[in-house]
Every structure is written in structure tokens, then in C-alpha cells.
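**Q** Have a look; sequence and predicted model below, questions after that.
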Amino acid sequence: MKKPDLSTNTCGILSPNPFWLASAPPTNSGYQVRRAFEAGWGGVVWKTLAHEPIVNVSSRYGALDYDGRKIMGFNNIELISDRSLEDNLREIREIKRDFPGHAVVVSLMVESERERWHDIVRQTEDTGCDGLELNFGCPHGMSERGMGSAVGQVPEYTEMITAWVKEVAQTPVLVKLTPNITDIRATGRAAKQGGADGISLINTINSIMGVDLETFRPMPHVAGRGSHGGYCGPAVKPIALNMVQSLASDPEVDIPLSGIGGIQAWQDAVEFMLLGASSVQICTAAMHYGFRLVEHMISGMEDWMSEHGFEKTTDFIGRSVSLVGGWNELDLGYRVVAEIKQEDCIHCGICYIACEDGSHQSIRVEKVKEEDFLASPAGSHSAFEHSGGRRFMPGAGEGYVNVFEVDRETCVGCNLCSLACPVPGCIEMVEKDSGLPSMTVVEYHEKLSRGEIEPIRPPEDHR
Ligand SMILES: Cc1cc2nc3c(=O)[nH]c(=O)nc-3n(C[C@H](O)[C@H](O)[C@H](O)COP(=O)(O)O)c2cc1C
Ligand code: SF4
Ligand code: SF4
């Protein structure tokens, strides 16, 4: 079978695959970008340029590890390029000459003066780059100087500066938005109004990484003092997905999107694309694992596309956008309940505790004699037996097994037990006939007022 075509077109910026390196340390120099393209990346957004290089602090990164996994969240107080504009522009020109088929987008940030923007746009486009990205997202340092998120938090500024850039730009202009705003649609619409060809999101989220309990210093610190920094990495992905979908579903935005935030595997990239992104950008994962990461991203996306019969990326971009809507559009007549696969259960009791203390007290526990349990159909196929008789029975006592069952009548189908269960697939959520018609909350209240339906109450308190 023919290999799927991974090429993408993000507002006229063509790329052999959707995987771009985000504007950040991995795109700081021609040396890095060359190695990234050789490794397989389809595009890059060059580390943000200004007229003058900035001075950075030391140290500048912090990370949140979770349960043995390193860098689940990443924080930085780094600024934009600390290299000269001339060096950067020369290297961009060389890279574009040597990799004509790859996407080379250049990120820009200058003071909010029309001539300054005109000048840097002209100088940058003279390199032959494929597009520009306006950094209206950096939440630290530059924002205190009236740039970055100081622009991206004010729709009027976003529109005004985008319009200045569009007065002279010859290549497509992406506006990169800050997530540090109440409703991303306000700045998404402003970017569109200003003439943006596309939108990139998200930049980093304002954060303090932590405090050292011995020294009382914030982390990271510079000579003992800290500053709010930008948060990114796997932990921010759900926030980014929500913002991408909000713009993808907004008819007043309606321009291509480049999705960013916590992407570390092809599955994450597919999710962003299903929710409307034409390309994706990656920073933290490339800093953590290196450029080779892209090999798995490419092969994983190709395999997934083949399995689903997709020949090209536009076959699935945006496919899930319309499946997300307002809460008020959800069906109150729909019900699921939890079902425990007894043969997979290791009798740890985690689901029981979660439901008992955190949900609706819908899991029953029965203390069963070990020999009786093993003689039962579930017991004879159970993980308990196949584990060589290991005793997975906290609290049951010697010679007994705790057997857990869901009470289908009181289970509200919240998912908590299945999320907490340590055995993949052991608790399934299965559909149950609620006896109710399919209806939104508005329809429910209409039916109630017409006396066509009884009030829906939570399951009876059984304690
Ligand atoms: C150390 C560091 C430096 C960054 N510098 C820039 C920058 O110069 N310009 C910019 O637009 N975004 C910058 N970013 C933000 C990233 O491009 C990206 O939007 C963010 O990290 C989210 O993606 P991720 O979760 O894959 O890291 C930086 C991020 C990090 C971690
Ligand atoms: S789905 Fe929720 S209510 Fe039902 S058994 Fe699990 S935790 Fe309890
Ligand atoms: S959490 Fe999972 S494995 Fe543990 S008792 Fe509940 S169903 Fe069994």
C-alpha cells in the first residue's frame, strides 16, 4: 500500500510533514536547524529575533517531575535570541538555500513602533524565509518591556501590530498567541482582523515552578531571587488543546492554526490536528529527548493514517472540532456505568476507595474465601491465580479475597474508578439504558415544565 502523504500547508507555508520545532532553544542557530532538518523535522520557527540581542540570566529553567517521570512540566525565564540579528539572518538565508523544501518561519518581536516592525519584516524576508511568526506570547521579561504577552493580552494591540506587519509582509504571517488571557477567541479574532494569515498557539503559561524548602528560594533562582516564568511541556497539553479547538470552531477566526503545547509523541500531534491544527510545533520534548524524536512521530503518524485509510493530512485535520460544543448541548439522557472485569482485577481496592470517598459509594466489596473465589469463573481465570498466588488482597485477611462489584443502580458513570484503576482496561465504562429520551438541558426543562418528565435526581442515598 502507498505510504500516506504527511505534507501540510499552513496558510501557504508548505512542509513535508506537520512536525515543526517551535521558536525556542532548539531553533537558536543554523547549526541546530540543519541537524533538525537532517533528522526529519518538516519545519522550524526560528528563535525569536529582535533588532538587538538580549542578555539572559543564569539559571533559567525549572521542571516538575511526576511519579518518576522527568519533566512533566517545564518552566523558563529565558528571553528571545541573545545572538546578533546579522548572524541569525545570515544563517537563515543559508538554511533556506540548503533546504528549499522545508518550512523556515522566523519569529519576531520588536518594540511597538510601526517603523521598527516594518524594518525587521523587510530584513527578515530578504533571507528567503517562508513566513513570519509574531511573538505576542512570551509572558516574562519582554512583556515587562511592553512586548510579547503585553501585546497578546490586549486585542487592540494584537490587531494593530498585525496590521503594521501586513502592510509590508510578502510572506504568510502567523500570530503566536499567549494563553494568559481569559478568552483566547478575543485575541484570535483580533489577529484575524489585523490580517493574520494564520495563528500559532499556545506560548507558555505564567507560573512559579516551586520553592526550595531548605533555602526558601523560588525555583529556578538567579542569585537567590526568582521571577514568574513560562510553563510548558506535557502538563499543558489539555489547556492548549482547548484553546486550539476554541479557535478552530470560531467562525470569526476561520484561518489556519499551528498547534503547540506539550506535544511529545505522534499521538499528541494527531489530537491537535483532529482539533483543527494544520501543523504542530514542539519545544520541550525536543529539548528533553533531542531531534531524533521526530522519527517516531513520522512513522507513528504514517501507521495511524494507513490504519484509518487516510491518504493525506487534510483527510483528518479538524475532524473532531464539531464534536466539542457547549455543556448545554450535551445529552442528559445518555448513561454509562462502570463494569469491572473480574478476571483482570488484582483486588487492590483503589476503585472502591475512590468511589467511596470521592464519588457515589457505588462499589460493593465482598470478602470471599480464597478457595471459593478460585473455584468461581472469575477466579479460575483471574490475574490473582495467574500471578502465582500472590496475595493482592489488602484488608481482606489471610485466606480471603476482597471481590469488588459495581452497583449499576447507583453508579453515575463518572469514570473515576476506571481512571484510578492501575490495571489497563480492567474497569470499562459501558452504556446503559437510562429510560430517558435523548435531550439537552434546555429540552429537559421544557419537558419538565410541560409535565412530560419527572425531575432527574441523583441515585438514592443508600447508606
Ligand atoms: C526555554 C524556552 C524558550 C522559549 N523561547 C521562545 C521564543 O523565543 N519565542 C517564542 O515564540 N516562544 C518561545 N518559547 C515557547 C515555545 O515556543 C512553545 O510555545 C512552548 O514551549 C510550548 O510548547 P512545548 O510544550 O512543546 O514546550 C520558549 C519555550 C522555552 C521552554
Ligand atoms: S463510575 Fe463513578 S460512580 Fe460509578 S462506580 Fe466508578 S467511581 Fe463510582
Ligand atoms: S482498582 Fe481495578 S484492580 Fe483494583 S480492585 Fe478495583 S477493579 Fe480491581
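**A** Good, I have the coordinates. In this text the structure is predicted, and so the values were computed from the model without any measurement. Numbers count the residues shown, from 1 in each chain. Ligands and ions are numbered 1, 2, ... in the order given.
**Q** switch to C-alpha atoms for all contacts and neighbour counts from now on
**A** Noted.
**Q** Tell me which stretches of the stretch 301-450 of the chain form helices.
**A** Along the stretch 301-450 of the chain, counting by DSSP state H, counting those that start in this stretch, helices occupy 350-358, 370-375, 377-380, 383-386, 416-420, 441-449.
**Q** Can you flag the weakest of those by average pLDDT?
**A** Lowest mean pLDDT within the helices of the stretch 301-450 of the chain: helix 383-386, a mean of 54.
**Q** quick one: pLDDT of the residue of the stretch 51-200 of the chain found nearest ligand 3?
**A** Using CA to the nearest ligand atom, the closest approach of the stretch 51-200 of the chain to ligand 3 is made by residue 67 at 18.2 Å. With respect to pLDDT, residue 67 scores 90.
**Q** Switch the helices of the stretch 301-450 of the chain over to TSV; also include mean neighbour count and distance to ligand 2.
**A** Listed next are those as TSV, based on neighbours: other CA atoms under 10 Å; distance: least, CA to the nearest ligand atom, whole Å:
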stretch	mean neighbour count	distance to ligand 2
helix 350-358	17	4
helix 370-375	15	22
helix 377-380	16	19
helix 383-386	18	21
helix 416-420	19	4
helix 441-449	15	21
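**Q** Switch those over to CSV; also include distance to residue 157.
**A** As requested, the helices of the stretch 301-450 of the chain are exported to CSV (distance: least, CA to CA, whole Å):
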stretch, distance to residue 157
helix 350-358, 45
helix 370-375, 69
helix 377-380, 64
helix 383-386, 61
helix 416-420, 43
helix 441-449, 39
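**Q** For ligand 1, find the nearest of these.
**A** helix 416-420 (23.9 Å).
**Q** neighbours of the residue nearest to residue 427 when sequence neighbours are not counted, just the number please.
**A** Closest residue in space to residue 427, ignoring its immediate chain neighbours: residue 340 at 4.5 Å, by CA to CA, 6 or more residues apart in numbering. When neighbours are counted by other CA atoms under 10 Å, residue 340 registers 20.
**Q** residue contacts, residue 340?
**A** Contact partners of residue 340, counting by CA atoms under 8 Å, 6 or more residues apart in numbering, are 404, 405, 406, 426, 427, 428.
**Q** from what I can see the second one touches residue 355, true?
**A** No - checked against CA atoms under 8 Å, the pair residue 405 and residue 355 is beyond contact range at 11.6 Å.
**Q** quick one: contacts for the closest residue to residue 442 other than its chain neighbours?
**A** Distances taken as CA to CA, 6+ apart place residue 328 nearest to residue 442, at 7.3 Å, with adjacent residues excluded. Applying CA under 8 Å, 6+ apart to residue 328 gives the contacts 440, 441, 442.
**Q** What pLDDT does the model give residue 328?
**A** Model confidence at residue 328, given as pLDDT, is 97.
**Q** same deal with residue 399?
**A** 85.
**Q** So it is in contact with residue 369, correct?
**A** Yes - look at residue 399 against residue 369 with CA under 8 Å: they come within range, at 6.1 Å.
**Q** quick one on the thing from earlier: just the closest of the contacts of residue 340 to residue 190, please.
**A** residue 428 (44.0 Å; CA to CA).
**Q** and the closest one, how many residues sit next to it?
**A** The tally of other residues near residue 428 (other CA under 10 Å) stands at 17.
**Q** Ok, residue 331 next?
**A** 15.
**Q** I'd like the distance between it and residue 418.
**A** 22 Å (CA to CA, to the nearest Å).
**Q** quick one on the thing from earlier: who's more crowded, residue 399 and residue 369?
**A** Comparing residue 399 with residue 369 by other CA under 10 Å, the one with more neighbours is residue 369, at 17 against 12.
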